[in-house]
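Visitor: Take this sequence and fold it.
(chains A, B, C and D)
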Protein chains: 2
Amino acid sequence: MLPQSRRELILRTLRADGPSEVRSLADKLGVSQATIRRDLEHLDADGKLTRVYGGAMTLDPGEVNSDINGDINGDDIDDPFADVAAERAEDKDTVARAAADMVQDGETVLLDIGTTMHRLAHHLHGKRITVITSNLAVFDELRDDADIELVLLGGMVRRRYHSLVGFLTEDNLRQVHAGRLFLGTSGVRGDGAVMDTTLVEVPLKRAMIKAADQVVLVADGGKFPGVGVARVCGPGDLDVVVTTASADPATRLALQEAGVDVITA
Amino acid sequence: MLPQSRRELILRTLRADGPSEVRSLADKLGVSQATIRRDLEHLDADGKLTRVYGGAMTLDPGEVNSDINGDINGDDIDDPFADVAAERAEDKDTVARAAADMVQDGETVLLDIGTTMHRLAHHLHGKRITVITSNLAVFDELRDDADIELVLLGGMVRRRYHSLVGFLTEDNLRQVHAGRLFLGTSGVRGDGAVMDTTLVEVPLKRAMIKAADQVVLVADGGKFPGVGVARVCGPGDLDVVVTTASADPATRLALQEAGVDVITA
DNA sequence: AAGAGTTTGCTCAAGTTTGCGCGACTTGGG
DNA sequence: CCCAAGTCGCGCAAACTTGAGCAAACTCTT
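Guide: Sure, this is the predicted structure:
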């Protein structure tokens, strides 16, 4: 059994059966607890799971399969530079925090789905704002925060993605308006086009863009350039991009030439 | 059981069932009360709940009594007979179970807000159905049940009532259709009119009635007759009423004369 | 076939969690 | 006002988890 396969199996186990103890993982995979610990340490550094005392669980509050969303390209696995991938998890938090810092009391913000938006929501605590979202991880994060007026868009519960989708969501989006939209992505193409891998989300993202005055794309440098099967929008639809220094300079330039304000967190 | 999982379970329990005592949490989770105390201390420090003498509750400012949430009429609070309220809780579960038993695989049901509907949702586990709701307690109950297609109506999060309200909810309700609606109430008047105490819910309830083929009112006998400032609908809008033997006979008769099928659970 | 580098399992000290007992405190009722 | 019942916080010991160090096994390259 390859270490890499074992780690993927660990992730799959967590996604399927929820939180798991070190002991049970060791038994199940036929390796020592020390090995499992090291695996969990690795996966935690890569932002694939959260380590907790005694075992591990999927990202934060039952976030079953966040990376399908937030980090849609699975390059982390193929990436031979493990330390680069480790930076990515931190990068996500960095851009999320920088984006959250833009938000002032009294604003109304629209939050896209994905892990990056969840991190962003985490940094919104303490502000007196209105948040509109179809992101269930964001909902879980903010549902007990009395300072935040929380509006949930309707839709079908998509458990694997922790989101709400469908025509109800689209309908609701046509009825609301926000000062700012924070948009996530699977990757930005070299010409500045925003991409996504899940087709069903594309019309929703487009509806969100229509519903907001300002569109802020939040994406760590690992997504420049990035992939995705579907084109969500062009650089002309974006107002601001928050990213990290590791973003590909050519893509960044393409964005700036399209009039986008590129902020390096 | 991981400490982390246990703590999340505590939060979930509080959200679903309202305030809880240290003892009952300890029994439920199979750990000592000391551990529960430490967990509560932890969660309180994290701002996830409010510690109170004897137990804990969700940190909603107005959430003094669980019944404020689900049970839309606040009469349980004013009720000087605590044991009556306790009996009522059992009654609520009885009618909820009877109503849930009506549901067949493949159905689409619409669930109103309130504790009774939460209990009903609890008895829906194991069925392969579609559930549409704006009830966040129902959402919490069913969000991890892979057999149930769950549709959440959009709206503003109303924390004290564990519900979603507003024009987004109404809009969504105009777009969906269900075979059956399970309706809650604060009380049924002597003439069979369904009442409610929260004005903002009335248009939603009316929209739900329009969106369903069959309307099933689920209300324990303590609500016959009952009070409420706003009239939701008349007996003619109801198809079935599920209640307990303690329901006022005159009110029951009025319903039957209006062609309603009154079922005693 | 040998060496460099990685992975794995084991051991051990340090740290964490848990359950229990005890004294102090809070609550509700005479 | 005081009392009884229950709850709380604290210290302690036992059980468990963790991270680090180390040697053996393994992989890959030369």
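Visitor: do you know how far A:A247 is from B:D93?
Guide: To B:D93, A:A247 is 56 Å away according to Cβ to Cβ, to the nearest Å. C-beta here means a position set from N, CA and C on the backbone, and glycine is covered the same way.
Visitor: now the closest residue to DNA strand C within the stretch 51-200 of chain A, nearest residue through space, not along the chain?
Guide: At 4.7 Å from DNA strand C, A:Y53 is the closest residue in the stretch 51-200 of chain A, using Cβ to the nearest atom of the strand. Computed as Cβ to Cβ, 6 or more residues apart in numbering or on different chains, the closest residue to A:Y53 that is not its neighbour in sequence is B:P3, at 5.9 Å.
Visitor: and the one you found, how many neighbours does it have?
Guide: Neighbour count for B:P3, taken as other Cβ atoms under 10 Å in any protein chain shown: 16.
Visitor: got it, and the one 4 residues further on?
Guide: B:R7: 21 surrounding residues under other Cβ under 10 Å.
Visitor: Now it: closest residue in space that isn't a chain neighbour?
Guide: Among residues not flanking B:R7 along the chain, B:D39 sits closest, at 5.2 Å (Cβ to Cβ, 6+ apart).
Visitor: tell me the pLDDT at the residue of the stretch 51-200 of chain A closest to DNA strand C?
Guide: A:Y53 is assigned 92 on the pLDDT scale.
Visitor: give me the residue from chain A nearest chain B.
Guide: With Cβ to the nearest Cβ, the shortest gap between chain A and chain B falls at A:G154, namely 3.2 Å.
Visitor: before we move on, the earlier item: relative to A:G18, how far out is the residue of the stretch 51-200 of chain A closest to DNA strand C?
Guide: From A:Y53 to A:G18 the distance is 16 Å (Cβ to Cβ).
Visitor: more crowded one of the two?
Guide: Using other Cβ under 10 Å, the more surrounded residue of A:Y53 and A:G18 is A:G18, with 14 against 9.
Visitor: Regarding that one, what are the backbone dihedral angles?
Guide: When read as degrees, to the nearest 10, the backbone of A:G18 gives phi 80, psi -170.
Visitor: Hmm, it is touching A:G55, no?
Guide: No - using Cβ atoms under 8 Å, A:G18 makes no contact with A:G55, being 10.4 Å away.
Visitor: and the stretch 51-200 of chain A, which residues reach DNA strand C?
Guide: Within the stretch 51-200 of chain A, the positions adjacent to DNA strand C are A:Y53 by Cβ under 7 Å from any atom of the strand.
Visitor: Can you verify the residue nearest to B:R7 is assigned to a helix?
Guide: Yes - under DSSP: H, G, I helix; E, B strand; the rest coil, B:D39 sits within a helix.
Visitor: Count residues in the vicinity of it, would you?
Guide: Other residues close to B:D39 by other Cβ under 10 Å number 24.
Visitor: State the distance from it to A:Y53.
Guide: Counting by Cβ to Cβ, the gap from B:D39 to A:Y53 is 13 Å.
Visitor: Could you do A:L11 as well?
Guide: 19 Å.
Visitor: And for A:E8?
Guide: According to Cβ to Cβ, A:E8 and A:Y53 sit 24 Å apart.
Visitor: Quick one: low-confidence residue ranges for the stretch 1-150 of chain A.
Guide: Counting by pLDDT under 70, the stretch 1-150 of chain A has low-confidence residues at A:16, A:59-90.
Visitor: those helices in it, which residues are they?
Guide: A:3-17, A:22-29, A:33-45, A:66-70, A:75-78, A:82-101, A:115-122, A:136-142 (DSSP state H, counting those that start in this stretch).
Visitor: Please tabulate the ones you listed in JSON lines, including the columns distance to DNA strand D.
Guide: Formatted as JSON lines, the helices of the stretch 1-150 of chain A follow (distance: least, Cβ to the nearest atom of the strand, whole Å):
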{"stretch": "helix A:3-17", "distance to DNA strand D": "10"}
{"stretch": "helix A:22-29", "distance to DNA strand D": "4"}
{"stretch": "helix A:33-45", "distance to DNA strand D": "5"}
{"stretch": "helix A:66-70", "distance to DNA strand D": "21"}
{"stretch": "helix A:75-78", "distance to DNA strand D": "16"}
{"stretch": "helix A:82-101", "distance to DNA strand D": "15"}
{"stretch": "helix A:115-122", "distance to DNA strand D": "22"}
{"stretch": "helix A:136-142", "distance to DNA strand D": "24"}
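Visitor: can you put the ones you listed in CSV and add distance to B:V242?
Guide: Shown next, in CSV, are the helices of the stretch 1-150 of chain A (distance: least, Cβ to Cβ, whole Å):
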stretch, distance to B:V242
helix A:3-17, 37
helix A:22-29, 43
helix A:33-45, 49
helix A:66-70, 41
helix A:75-78, 53
helix A:82-101, 47
helix A:115-122, 40
helix A:136-142, 31
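Visitor: circling back to that earlier point, enumerate every residue touching the residue nearest to B:R7.
Guide: With Cβ atoms under 8 Å, 6 or more residues apart in numbering or on different chains as the criterion, the residues that contact B:D39 are B:3, B:6-7, B:10.
Visitor: In the stretch 101-250 of chain A, what residue lies closest to DNA strand D?
Guide: Of all residues in the stretch 101-250 of chain A, the one sitting closest to DNA strand D is A:D144 (20.3 Å; Cβ to the nearest atom of the strand).
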